[in-house]
Structure formats: C-alpha cells, structure tokens
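Trainee: pasting the sequence and the predicted model now:
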Amino acid sequence: MNTIMNRDQIIRENFWNRFLYGDAIERQRGEVARLEKLVAVSEKILKSLADCKSLLGLLAIHKDLWGSGFQNENLGPNEYGMFRTKDIATMSPEEVYLGNVFGLWTFTIPEWEEKGHQWFGHNYFGIPSTTTNYEVVLNQYKCLLKKNVESITSDARDFLYNYYQINPKSRQL
C-alpha cells in the first residue's frame, strides 16, 4: 500500500544532494507527482460519491479510487473486515460486507440489494423512520469512502506543502 512520506524524509534538492542522492530524489519527485494527481482528482471523486445512489455504484467508485492510488488500510482487503477479497481491483459485490450498524445485520451487497428496502422504523439513533435499511448501509459505505478520500488528500496536501517549503524552486521545474 502507498504511504505518504513524512517531513523528516524529504530531501532538499540542492547540488550536493542531487549528486549524492540522485536516485532518492527521483523517487521523491515521483511521489510528489503521484500526490499532486491525487489532490487534483479528489474534488471530482468526492462529488461522484455524493451523487451516487446505489451500492453497486459505490463499489465501482471504490475500485476506481483504489486504482487511482487512494489506498490505505481502511479501503483495502481484510479477510474479516468489510472487503473480504484478495484484491480491491477485482472485488465482487459478494465480497463486500455492509451493516453491523444501528442494529442491522451484516450482509453482502447482493443481499442488501434484494432485501434492504424495508423501512428502518422508529429508533433512538436519530434516523428518520421512513429511511430504508438500504439507505442506511449506502450511507455507511459512502461515508467510509468519503472520509478516507478526505484523509488521504489531507495527508497528500500536508506532504506537498512541506515539500515545497523545503524545495521552493521545484515548483518551477
């Protein structure tokens, strides 16, 4: 999984460091380019998440996120977690387990598609009683994706800010 470097790992790109650590600087520049791409597409992704109205649509967005480099432990495979697959890129609806919130049982996407359209009913969670169980798990999946995209984007912005503080001339390259 991709991890973002911290400020202490940023190499100042001066003459001596380019001479002594040329390979590391090239890897660092590759990381900067990757993070700039993530930041650039993050708003579009967040909008597509907000507009999505189906679990299958969220699954497609999740796969696209993963392929675009939005990767962390929360979005990745876990044999006992929400995404019980070997690879997110090839994950099927039967490998996504949603629920276990607000007293709802855990089911796969096809099971929610089939039987998730009952009313949630009266509750003490503040959820309107006319909300369906499907809408509750749709919101669960949507929030998980949204919060992780925001977190990864925030970390990327922080790294880029620090990188350009240390290497201000790199913006001109």
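Mentor: Structure's in. What do you need? These figures come from a predicted structure and were not determined experimentally.

Trainee: my read: residue 74 touches residue 146, true?
Mentor: No. Here residue 74 does not reach residue 146: they are 11.5 Å apart, not a contact under Cβ atoms under 8 Å. To be clear about C-beta, it is placed using only N, CA and C from the backbone, and glycine gets the same treatment.

Trainee: overlap of the contact sets of those two?
Mentor: Residues touching both residue 74 and residue 146 by Cβ atoms under 8 Å, 6 or more residues apart in numbering: none at all.

Trainee: for the record, mean pLDDT for the longest helix seen in the chain?
Mentor: For the chain, the helix with the greatest residue count under DSSP state H is helix 133-166. Mean pLDDT, helix 133-166: 96.

Trainee: which strands and helices sit next to that helix?
Mentor: If you count contacts as 3 or more Cβ pairs under 8 Å, 6 or more residues apart in numbering; DSSP states H and E, helix 133-166 packs onto helix 22-51, helix 55-68, strand 97-98, helix 109-115.

Trainee: looking at the ones you listed, spot the one closest to residue 79.
Mentor: Minimum separation from residue 79 across the helices and strands packed on helix 133-166 (Cβ to Cβ) falls at strand 97-98, 10.9 Å.
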